[in-house]
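Participant: Provided below are the primary sequence and the corresponding predicted coordinates.
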Amino acid sequence: MTFLLEGDACACPLCEVVGHSDPHLSYRNMIWMRCGVCGFMFQNPYISEHRRENRFEIETVYGSFDETTLPATVTAEKRDWILRACSMDEQVLCIEIGPGPGDLLQQLRERRPRWQYLAIEAYPLFQRALKSKDFDCIESIDALDNLSVSSIEKVIVVADNVLEHMEHPVGVLERLLEFARAFRIPLKVLIEVPNERGIRWRYRLQDWLRGSRKSPTFPGHINLFERSTLKRAAILAGYQGITVYDIGIRSVDQVAYLMRKPVHSSRIRFTVRTLRSTRIDTMLGFGYWLRAELSSS
């Protein structure tokens, strides 16, 4: 469903208040609203890329995702973050939502071969890649009901730059919590999303650094999170242990990961060196990504 209602009224996907959201950012034919009650930003019409009639641009981008466009150092940093946040439990079910071709799951499996792994992936292109790497794969969170979780001591869910693409983020987080509670298994959810604080001026700065214009954020991002709204989503979903923080760009490889091509710009390299040495972005709360670590108790 979408949240388009009669006239110009729309409901905030986070707090569900109707009629208090106004246009906040526009680019070509895309509009992102901002809720006047909770501050959450969302695309209007509110419909995920999986259900859009015209998906050519998005699928073209996804078609370019493979190991040659994902620097191993970037994936390794994400892997190490996940391993630091988790214990050494042997009987772990690690679920990644939207893993793409599966490079992060593959690196995790190399370090924790005794864990069980499951991918939740909607795109057939990525499903084929995952199955070729011997990962079990389901198409949606709803299919979790059919899983057998005997002998599992803990569930870890990784949502690496995917929650911004999914309709009703509170509902997604609730669904994961319900799954774990049904089997009385401790749950930890690790989330990374773009930090969209100050997006109206930050995207212009990014255009200047690149030397070319792009959409303020990926066209498939229907949820634009700031630290406060990501934390609010976790609270509304019913999580107890909640930690949210931002992280910044610290390597040229991270920029190459974002641009999907090697970085040759001296302007970008200078900016990365400055951010690495001063950390001014995270000091001011404008790190490029937000990370959240949520637990069921």
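Facilitator: In hand now; what should we look at?
Participant: quick one, strands of the stretch 1-150 of the chain?
Facilitator: Listed in chain order, the strands of the stretch 1-150 of the chain (DSSP state E, counting those that start in this stretch) span 21-27, 30-35, 41-43, 92-97, 116-120, 136-138.
Participant: Could you list every helix and strand in contact with the second one?
Facilitator: In this structure, strand 30-35 packs against strand 21-27, strand 41-43, with contacts taken as 3 or more Cβ pairs under 8 Å, 6 or more residues apart in numbering; DSSP states H and E. Any C-beta I mention is one placed from the backbone N, CA and C, and that applies to glycine too.
Participant: among the ones you listed, which is the most enclosed?
Facilitator: Compared across these, strand 41-43 shows the largest average neighbour count, a mean of 25 (mean count of other Cβ atoms under 10 Å).
Participant: Run the chain-centre distance for that one.
Facilitator: Taking Cα atoms, centre = their mean, to the nearest Å, one finds the center of strand 41-43 at 15 Å from the center of the full chain.
Participant: same thing with stretch 255-271?
Facilitator: Put simply, stretch 255-271 sits 21 Å off its chain's centre (Cα atoms, centre = their mean).
Participant: What residues of it count as buried?
Facilitator: 255, 256, 257, 258, 263, 268, 271 (16 or more other Cβ atoms under 10 Å).
Participant: now do the same end-to-end measure for it.
Facilitator: The first and last residues of stretch 255-271 sit 11 Å apart, counting by Cα to Cα, to the nearest Å.
Participant: just stretch 204-224 next, same as before
Facilitator: End-to-end distance for stretch 204-224: 17 Å, by Cα to Cα.
Participant: Please state the mean pLDDT value computed over that stretch.
Facilitator: The predicted model gives stretch 204-224 an average pLDDT of 92.
Participant: Same question for stretch 242-254.
Facilitator: In the prediction, stretch 242-254 has an average pLDDT of 96.
Participant: So which residues make contact with it?
Facilitator: Residues from elsewhere that reach stretch 242-254 (Cβ atoms under 8 Å, 6 or more residues apart in numbering): 71, 73-74, 195, 227, 230-231, 234-235, 255, 263, 268-269, 272, 275-276, 279, 281-282, 285-295.
Participant: ok, back up a step: could you identify the most distant pair in the buried residues of stretch 255-271?
Facilitator: 257 and 271 (15.4 Å; Cβ to Cβ).
Participant: among the helices and strands of the chain, which has the poorest mean pLDDT?
Facilitator: helix 56-63 (a mean of 61; mean pLDDT, DSSP states H and E).
Participant: where do the helices sit along the stretch 1-150 of the chain?
Facilitator: 56-63, 72-85, 103-111, 124-132 (DSSP state H, counting those that start in this stretch).
Participant: what's the most buried one of these?
Facilitator: In terms of average neighbour count - mean count of other Cβ under 10 Å - the standout among the helices of the stretch 1-150 of the chain is helix 103-111, at a mean of 18.
Participant: I'd like the distance from that one to the chain centre, please.
Facilitator: 18 Å.
Participant: Same check on stretch 158-169?
Facilitator: 5 Å.
Participant: what's the span of that stretch, first residue to last?
Facilitator: From its first residue to its last, stretch 158-169 covers 14 Å (Cα to Cα).
Participant: now stretch 98-107
Facilitator: The straight-line separation of the ends of stretch 98-107 (Cα to Cα) is 16 Å.
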